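Asker: kindly generate the corresponding structure for this input.
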Amino acid sequence: MVGRERPNTGKTMYIGIDIGSISAKLVVAGGDGDILYADYRYHRGDPVGTTGELCRGARDTGFARYRSLCVTGSGRNLIGDCLNADLVKNEITATWKASRTLLPEAESIIEIGGQDSKLISLDDGEIRDFRLNSVCAAGTGAFIEQQSHRLGITPMELSTLALMAARPARFTGRCTVFVETEMINLQQRGWDAESIAAGLFDAVSENYLNDLGSGMNITGPVLFCGGVSEMEAMRRS
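Answerer: A predicted model of the protein is given here:
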């Protein structure tokens, strides 16, 4: 396990841990904000065990001491207690603080994770309003993961497939319960896999906007974050 450094060591290293609905992330940053080490793992229902693996990985790489530790994410309270964290912050605050560093001019933040999505509206760098997704998973990464598994490929491969589409297929229902039936119907009507993949990403976008965008003014510049933001097809959609 990593441990706190003594105040007189002269070092300044900070650890941030994000425990989300399906994954856990750890980052070690220097005093000037530069990223010294990072790790990302699916916790598969064992956030405590996975956090231990993340900490051991950081320690074995040479980052055995830190100045302070902050935990965020849906599992922040549990892991914060386990690690005796200096700071425990909700995801809205953590994401907002990140935007102040990464994109200070941002006016909107779109965050799409495994099972959680957020929309944050900013005014002169301060939070004006925010929304969290409902219980529906159709506007989250879980939806993309489910559909990619149905096609026998990974989510990143689904993104690559979608980028090759001449035009996206249209999903009318978009609910996860009925998507498989719609996919079969689209295939029977002659739609290729590339168009179906592109249509799935559009479905995620539409569900996200329908769920969180009502009454919210989404203006640019926009910061797009969360695991789903790594997919080029999702960024384009």
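Asker: which residues in the chain form strands?
Answerer: In the chain, the strands defined using DSSP state E lie at 3-4, 13-19, 23-30, 35-42, 65-66, 68-72, 87-88, 108-112, 117-123, 126-132, 222-225.
Asker: residue 233 versus residue 73, what's the distance?
Answerer: According to C-beta to C-beta, to the nearest Å, residue 73 stands 25 Å off from residue 233. Just so you know, the C-beta spots here come from the backbone N, C-alpha and C atoms, and that holds for glycine as well.
Asker: who's in contact with the residue nearest in space to the middle of the chain?
Answerer: The structure's the chain has its C-alpha centroid closest to residue 226; by C-alpha atoms, centre = their mean the separation is 2.2 Å. Applying C-beta atoms under 8 Å, 6 or more residues apart in numbering to residue 226 gives the contacts 110, 111, 112, 113, 117, 141.
Asker: least confident of the residues you listed?
Answerer: In terms of pLDDT, the lowest of the contacts of residue 226 is residue 141, showing 80.
Asker: now for residue 193, how many residues are close by?
Answerer: Burial of residue 193 is recorded as 18 neighbouring residues (other C-beta atoms under 10 Å).
Asker: so what's it closest to, chain neighbours aside?
Answerer: Leaving aside its sequence neighbours, residue 193 sits nearest to residue 161 (C-beta to C-beta, 6 or more residues apart in numbering; 6.0 Å).
Asker: now for the one you found, how many residues are close by?
Answerer: For residue 161, the neighbour count with other C-beta under 10 Å is 22.
Asker: next one: residue 217
Answerer: By other C-beta under 10 Å, the residues close to residue 217 number 10.
Asker: ok, now residue 31?
Answerer: Neighbour count for residue 31, taken as other C-beta under 10 Å: 10.
Asker: same question for the one 3 residues further on.
Answerer: If you count neighbours by other C-beta under 10 Å, residue 34 ends up with 8.
Asker: check what pLDDT it gets.
Answerer: pLDDT for residue 34: 87.
Asker: again, but for residue 153
Answerer: What the model reports as pLDDT for residue 153 is 91.
Asker: offset the numbering so it begins at 443, please.
Answerer: Sure, I'll start numbering at 443, so the last one becomes residue 595.
Asker: for the residue nearest to it when sequence neighbours are not counted, give its distance to residue 621.
Answerer: With sequence-adjacent residues excluded and distances taken as C-beta to C-beta, 6+ apart, residue 595 is closest to residue 603, at 7.1 Å. Separation of residue 603 from residue 621 (C-beta to C-beta): 16 Å.
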